[in-house]
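A.B. asks: let's see this in three dimensions:
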Amino acid sequence: MKIGFCGTMSVGKTTLVNALKEQPEFKDYVFTTERSKYLRDLGIPLNTDSTLKGQVIFLAERCSELLQPKIITDRTVIDVMAFTNAAQSIPIRHADTYYELAANFIKDYDYIFYISPLGIEVEDNGVRETDLKYRKKIDREIRDILEYNKHKIKNYYEISGSTEERVEKVISSIFHPYL
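C.D. replies: Sure, this is the predicted structure:
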């Protein structure tokens, strides 16, 4: 199964993926988490400074994850689509073409979990954007992409709560969906 978490910055996606590593149900999975610091250090612009070249690299990373038979990732193609749509330096015609291309891969996820930012403070890790207006903009983009592409999503859940509650929701959604 291919399991992806999407949501704006600083909502606990990476924390959740790291917590799922400890669960026996996922012992055979590959786990991927953000590499923002590494990518920034390579000179790839992030967040509000994003460029088309940078977003293509991020899309290639997401697609390479989708080649794994069992993966849990804290980023999806939906996230990179949202950041591309919000990037001021990317012309609309390029963003639209990028969107069309990236949307083809949404169907490859078996499960997509959206994590809302409501009630979650922004944590400054020295790499991510901490501007609240930008955070809301990315969240709106993600929700719009999810809504517009819902016909491509096999299994979709919104999750919230503590990390422990989120872990339980993920496990019950995948392994006990009818309970």
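A.B. asks: pLDDT weak spots in the chain?
C.D. replies: For the chain, residues meeting the criterion pLDDT under 70 lie at 35-49, 125-130, 179.
A.B. asks: quick one: the helices in it, in order.
C.D. replies: Taking DSSP state H as the test, the helices found in the chain are 13-20, 36-41, 52-65, 77-86, 92-103, 132-148, 163-175.
A.B. asks: and the fifth one with helix 52-65, angle?
C.D. replies: For the pair helix 92-103 and helix 52-65, the angle between their directions (axes from the mean of the first three to the mean of the last three C-alpha atoms, to 10 degrees) equals 0 degrees.
A.B. asks: if you count neighbours, what's buried in helix 92-103?
C.D. replies: 95, 98-99, 102-103 (16 or more other C-beta atoms under 10 Å). Every residue, glycine included, has its C-beta placed from N, CA and C.
A.B. asks: for residue 29, find the nearest of the helices of the chain.
C.D. replies: Nearest of the helices of the chain to residue 29, taken as C-beta to C-beta: helix 13-20 at 7.9 Å.
A.B. asks: for that closest one, which positions count as buried?
C.D. replies: By 16+ other C-beta under 10 Å, the buried positions in helix 13-20 come out as 13-14, 16-17, 20.
A.B. asks: who are the contact partners of residue 73?
C.D. replies: 3-5, 17, 31-33, 62, 65 (C-beta atoms under 8 Å, 6 or more residues apart in numbering).
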